[in-house]
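**Q** mind looking at a prediction? Sequence and model below.
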Amino acid sequence: SQKIEQNSEALNIQEGKTATLTCNYTNYSPAYLQWYRQDPGRGPVFLLLIRENEKEKRKERLKVTFDTTLKQSLFHITASQPADSATYLCALGDDKIIFGKGTRLHILP
Amino acid sequence: DAGVTQSPTHLIKTRGQQVTLRCSPISGHKSVSWYQQVLGQGPQFIFQYYEKEERGRGNFPDRFSARQFPNYSSELNVNALLLGDSALYLCASSGGFYNEQFFGPGTRLTVL
C-alpha cells in the first residue's frame, strides 16, 4: 500500500537558520506532491505544489524539491522565524489524497 | 471571499448515536473532500465528491457516508458512533486542476 513518511515528529531550529523537512514515499509514482502547514486546532493550509517534471519550486522563503528517483521531497524554510513554528504536512494523490503524519517544527528565538 | 465553512464547530455525542456534519465550499469550487484527523496524525481521507458524484473513498467502514448537494455543499454522516470516532473532522474544497485542498476549520467530535 502507499506510504508517506516524514522525517521526524519534531524538529527544533534556531531562529534565522534554514529548516529542512523530509518527505519519503513508497509504492507510488505521483505526478505531483503538495505541502501544507497546520497550526494547532486549525485546518491545514496549502503552501506549495511541485510537479514530477519540476526539480525545485520556490515561494518567498519556502523552497521545495522533488526527486522521483529517490522518492523524496525536501521542504526548506530559509531565514526561519518563530512564526514559522507549526506542523508541516506533505501529501500525495489525485482523487484520494494521502497525508503524512507531519513534522512539528519549533523555531527557537 | 469566504473560505470553507463547517458546522458545528464542536459536538459531543454518546456511543451508538448518529451525527451529521456540514460543509460549504469556497464559491466556485465543485469538489469537496472529507478527512478525519486524530491527535498526532495527518488527516485521513474519507471521501471526495465532485459534481455530486463520489470520486474517491478511503478505508472507512460503511457507518460513514456522505453526499453533495446541487449547491456543492456537503454532509458527512456517521452512524453507530464508537469511542474511536472521536476526532477532528475536516472538510476541504478544491477547484484547481491539481486538487489543492482548501480546508475549513474542522468539527471537533467527542464520543463519550
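**A** Okay, I see it.
**Q** residues from chain B in reach of chain A?
**A** B:4, B:33, B:35, B:40-45, B:48, B:55-58, B:90, B:92, B:98-106 (C-beta under 8 Å from any C-beta of the partner chain). (Glycine included, C-beta is placed from N, CA and C.)
**Q** scan the helices and strands of the chain for the one with the lowest mean pLDDT.
**A** As the question left the chain open, I've gone with chain A. strand A:3-6 (a mean of 91; mean pLDDT, DSSP states H and E).
**Q** that's the wrong chain, I wanted chain B
**A** strand B:53-57 (a mean of 92).
**Q** given the least confident helix or strand of chain A, what are its sheet partners and their directions?
**A** Partners of strand A:3-6 in the sheet, by DSSP bridges, are strand A:19-26 (antiparallel).
**Q** past the partner strand, which element shows up next along the chain?
**A** Where DSSP states H and E defines the elements, the next helix or strand beyond strand A:19-26 is strand A:32-38.
**Q** so what does that next one touch, helix or strand wise?
**A** The elements that strand A:32-38 packs onto, with contact taken as 3 or more C-beta pairs under 8 Å, 6 or more residues apart in numbering or on different chains; DSSP states H and E, are strand A:19-26, strand A:45-51, strand A:62-67, strand A:72-77, strand A:86-92.
**Q** switch the cut-off to 7 Å
**A** When contacts are defined as 3 or more C-beta pairs under 7 Å, 6 or more residues apart in numbering or on different chains; DSSP states H and E, strand A:32-38 packs onto strand A:45-51, strand A:86-92.
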